[in-house]
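S.K.: build me a structure from this.
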Amino acid sequence: MGNADLHLHTRVSDGLATVAQVVEYAERQSILDVIAVTDHEDVTGGLRAQELAARRNYRVQIIPGAEITTLHGHLIALFIIIATAATLHAAGITNIETSSQAAEALRPTAGDFAFAVFA
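M.R.: As a prediction, the model looks like this:
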């Protein structure tokens with residue numbers, strides 16, 4: 001079983017580190033095998049991190065995601081590939097009540113697989 005951190009933020013939202021700094025730290029200074037970059041309302045940081053790790057042939061695996069604000073709290077959405085605040089709100093994510101409803105609403109942004117859990 002590996003080690004993972006599935007809720008990380010970068011400067012894309014309210015994190016203190018750049019995308020590159022987060023990926024470098026995970027690769028060189030941690031025991032993590034998997035990280036999910038889950039900036040607020042935006043998957044851009046996760047996609048950049050995934051691209052950077054692949055380009056540098058890093059061992060650490062990157063899951064792109066987002067932390068989505070809903071009427072019922074924050075939701076961590078993983079394995080999404082197209083998401084900005086506008087696309088998330090257009091998909092009706094802000095009005096969901098359960099993780100399964102969120103996963104279904106996220107499906108157009110993730111292809112065949114999306115995973116969501118309230119934080």
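S.K.: now Thr10. Nearest residue, chain neighbours left out?
M.R.: Gly45 (4.3 Å; Cβ to Cβ, 6 or more residues apart in numbering). Using the backbone N, CA and C atoms, a C-beta is placed for each residue, glycine as well.
S.K.: same deal with Glu67?
M.R.: Per Cβ to Cβ, 6+ apart, closest to Glu67 is Thr38, 4.7 Å.
S.K.: tell me, how many residues neighbour the one you found?
M.R.: Per other Cβ atoms under 10 Å, the neighbour tally for Thr38 reads 30.
S.K.: equivalent analysis for Asp42, please.
M.R.: Neighbours of Asp42 (other Cβ under 10 Å): 22.
S.K.: look up phi and psi at it.
M.R.: Backbone torsions of Asp42, given as degrees, to the nearest 10, read phi -160, psi 130.
S.K.: likewise Asn3?
M.R.: The phi/psi pair for Asn3 (degrees, to the nearest 10) is phi -110, psi 140.
S.K.: pretty sure the residue nearest to Thr10 is touching Val19, no?
M.R.: Yes: in this structure, Gly45 is within contact of Val19 by Cβ atoms under 8 Å, at 5.1 Å.
S.K.: neighbour-wise, which of those two wins?
M.R.: Applying other Cβ under 10 Å to Gly45 and Val19 shows that Gly45 carries more neighbours, namely 27 against 23.
S.K.: now name the helix or strand holding that one.
M.R.: Using DSSP states H and E, Gly45 maps to helix 44-55.
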